[in-house]
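>>> would you be able to build a 3D model of this:
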Amino acid sequence: MIDGNPLEDIFDTEFVEHTMINGRLYDASTMNEIGNYDRERLPFWWEREGYSEQFDWHTIMEGDSNGHGH
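Down below sits the predicted model:
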């Protein structure tokens, strides 16, 4: 689900609130499953031990939620 209309403003695609994958609903900011099965996600591969600290996905996601950030 996108907050806004990307046909009127393409930058509205930066405000995705929810996404659906294989019929399961996820919170786009955390990728935790919501809806029928509230469930926190497992760590992404870059969040596991040994990932580069230069790629701080959480900071990037927080920055995007405050504006276009690009």
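>>> so what's the closest residue to residue 1 other than its chain neighbours scoring on pLDDT?
Distances taken as C-beta to C-beta, 6 or more residues apart in numbering put residue 18 closest to residue 1, at 4.4 Å, once the chain neighbours are dropped. (Each C-beta comes from the backbone N, C-alpha and C, glycine too.) The per-residue pLDDT reported for residue 18 equals 88.
>>> how about the contacts made by residue 18?
Residue 18 makes contact with 1, 25, 26, 27, 28, 34 under the criterion C-beta atoms under 8 Å, 6 or more residues apart in numbering.
>>> now, of those, which are buried?
26, 27 (16 or more other C-beta atoms under 10 Å).
>>> out of the contacts of residue 18, which comes closest to residue 14?
residue 28 (10.6 Å; C-beta to C-beta).
>>> tell me what the residue nearest to that closest one when sequence neighbours are not counted is bridged to.
Nearest residue to residue 28 in three dimensions, chain neighbours excluded: residue 16, at 4.4 Å (C-beta to C-beta, 6+ apart). Counting by DSSP bridges, residue 16 is bridged to residue 2.
>>> going forward, the N-terminal residue is numbered 36.
Taking 36 as the first residue, the last one we looked at is residue 51.
>>> let me know the distance separating residue 51 from residue 82.
Applying C-beta to C-beta, to the nearest Å, the value for residue 51 to residue 82 is 20 Å.
>>> just grab the bridge partners of the nearest residue to residue 59 once chain neighbours are set aside for me.
Leaving aside its chain neighbours, residue 59 sits nearest to residue 68 (5.8 Å; criterion: C-beta to C-beta, 6+ apart). With DSSP bridges as the criterion, residue 68 is bridged to residue 61, residue 74.
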